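Novice: The sequence isn't on hand, but the structure is:
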């Protein structure tokens, strides 16, 4: 009887060991499938984002369908220029606008938009900015109350801000060096409303 009990316990222990080993393998497999937790590895605190899709808060968590699409795309290299063009055309069609471009975030979008305005398809200028601004318009008109931390994204192209306060100053600020205006939608100050600036620009001839 004791021998039988001893044998049973021995077999049970072997079974539990096997289950534990299998469980460890499954856990390791799940860990590999999930990928390494670099936040934990680097000691970065995980937070609850109750603010919104801000770049400084790593934007937003991705739903499973997006994660799956990213994982699938990562399996195949493509020509980035072709991907950018195709994605831009697709988005422009969805948004019903002339053109669109995928960027790395708000700051990146401001830099690319400014560069596009300054170079206007001029390949030579594309390579020369921001250090050589020969023949390139680079003045950006903005209300003093609309200057904010993302201005550097525009200045990265070699652009220079021209500050204005009143509509009269805004009208007088346009010169042959003006390339664009910058209106910060979230600004809480400023005398010139969006409609005021737009109405004036549509009724005036733009500098050549």
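Specialist: Structure received. This one's a predicted model, so the numbers in the text were calculated from it and none came from an experiment.

Novice: Pick out the least confidently modelled helix or strand of the protein, by mean pLDDT.
Specialist: Lowest by mean pLDDT, DSSP states H and E among the helices and strands of the chain is helix 2-34, with a mean of 57.

Novice: Follow the chain on from that helix and name the next helix or strand.
Specialist: Beyond helix 2-34 in the direction of the C-terminus, DSSP states H and E gives the next helix or strand as helix 38-42.

Novice: list the buried ones in that next one?
Specialist: Judged by neighbour count using 16 or more other CB atoms under 10 Å, helix 38-42 contains no buried positions. C-beta: built from backbone N, CA, C; applies to glycine.

Novice: I'd like the distance from it to the chain centre, please.
Specialist: Distance, stretch centre to chain centre, for helix 38-42: 22 Å (CA atoms, centre = their mean, to the nearest Å).

Novice: nearest residue to the residue nearest to the spatial centre of the chain other than its sequence neighbours?
Specialist: Nearest residue to the geometric centre of the chain (CA atoms, centre = their mean): residue 105, 1.6 Å. Nearest non-adjacent residue to residue 105, counting by CB to CB, 6 or more residues apart in numbering: residue 55, 4.5 Å away.

Novice: Report the contact partners of that neighbour.
Specialist: By CB atoms under 8 Å, 6 or more residues apart in numbering, residue 55 lies in contact with 105-107.
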